[in-house]
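A.B. asks: using only what follows, build the 3D model:
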Amino acid sequence: MSASTAVRRRSVTLGSLEPFLRKQKRDRLRTTSINSIASGIASSVERQRSSTWHGAEVESSGLSLGSSSKLALPSNTPHDIADLKDFQDELESQEVIKHIIKEELDNSLMDCDYDSQRCVSQCANISQAVELRVKEITPPETKVVAVVYIGEIRDQGLEITSQCLWDPETDNFVTASFKSKTLFAVCTVFTVHF
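C.D. replies: Model (predicted):
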């Protein structure tokens, strides 16, 4: 094959095609560290980043409902405060997902004692069941990821942290937990729009 007829293939990246799109996307996305079991979300500067779970059932979601009827918007928006009505659909879908998580955790773990060998398969089974049920109620362009942790209750403190690169305008998460005499479980579901 001669040098003149050879086809040279070149990889093309988003950065080499359209640098301004890359900057726009980077500006819209942020990395958020989520202390699932401890404090809900850590993206707000006004909120505490972490705390210790002392064995009580803890539930959290991507939105924080404080004592007032208003929710603070992220600082990159032109508005300081929004009405709760603006988030009604999102709050309802979070409650449905939280109900699904609690139902799957209860059904799978209600009559179980802690067994480290069995917990590996239980985590995978619960995660798959939650993902399937949540995918049924979310739009097809939404990626659903469920993460389940099961541990033995030994009167020790525990902090579970997750990280996810996401768009705060479209992506969200919901967390719920389960506790029996011998074990605890925490399930976090991330819904990421792509």
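
A.B. asks: at which residues are the strands of this protein located?
C.D. replies: Secondary structure of the chain by DSSP state E: the strands cover 30-35, 60-61, 70-72, 81-83, 142-152, 161-166, 172-179, 183-193.

A.B. asks: tell me which of the ones you listed sits nearest to V120.
C.D. replies: strand 142-152 (8.7 Å; C-beta to C-beta). Using the backbone N, CA and C atoms, a C-beta is placed for each residue, glycine as well.

A.B. asks: would you check how far apart T161 and Q128 are?
C.D. replies: Distance from T161 to Q128, counting by C-beta to C-beta, to the nearest Å: 23 Å.

A.B. asks: circling back to that earlier point, reformat the strands of the chain as a markdown table; add distance to D115, mean neighbour count and mean pLDDT.
C.D. replies: Output for those, formatted as a markdown table (distance: least, C-beta to C-beta, whole Å; neighbours: other C-beta atoms under 10 Å; pLDDT from 0 to 100):
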| stretch | distance to D115 | mean neighbour count | mean pLDDT |
| --- | --- | --- | --- |
| strand 30-35 | 27 | 16 | 40 |
| strand 60-61 | 28 | 21 | 47 |
| strand 70-72 | 42 | 15 | 43 |
| strand 81-83 | 47 | 11 | 52 |
| strand 142-152 | 9 | 18 | 94 |
| strand 161-166 | 25 | 14 | 82 |
| strand 172-179 | 16 | 23 | 93 |
| strand 183-193 | 9 | 22 | 93 |
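
A.B. asks: adding distance to V134, write the ones you listed out as a markdown table.
C.D. replies: Shown next, in a markdown table, are the strands of the chain (distance: least, C-beta to C-beta, whole Å):
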| stretch | distance to V134 |
| --- | --- |
| strand 30-35 | 17 |
| strand 60-61 | 13 |
| strand 70-72 | 23 |
| strand 81-83 | 26 |
| strand 142-152 | 5 |
| strand 161-166 | 15 |
| strand 172-179 | 9 |
| strand 183-193 | 6 |
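
A.B. asks: just the helices in this structure please.
C.D. replies: Under the criterion DSSP state H, the chain contains helices at 14-17, 19-28, 88-109, 116-137.

A.B. asks: by mean pLDDT, point me to the weakest helix or strand of this structure.
C.D. replies: None of the helices or strands of the chain scores lower by mean pLDDT, DSSP states H and E than strand 30-35, at a mean of 40.

A.B. asks: related to what we said a few turns ago, now, of the helices of the chain, which is deepest in the fold?
C.D. replies: Compared across the helices of the chain, helix 88-109 shows the largest average neighbour count, a mean of 17 (mean count of other C-beta atoms under 10 Å).

A.B. asks: give me the contact list for that one.
C.D. replies: By C-beta atoms under 8 Å, 6 or more residues apart in numbering, the residues outside helix 88-109 that reach it are 59, 61-63, 84, 122, 125-126, 129-130, 133-134, 137, 146, 150, 172, 174-178, 180, 183, 185, 187, 189, 191.
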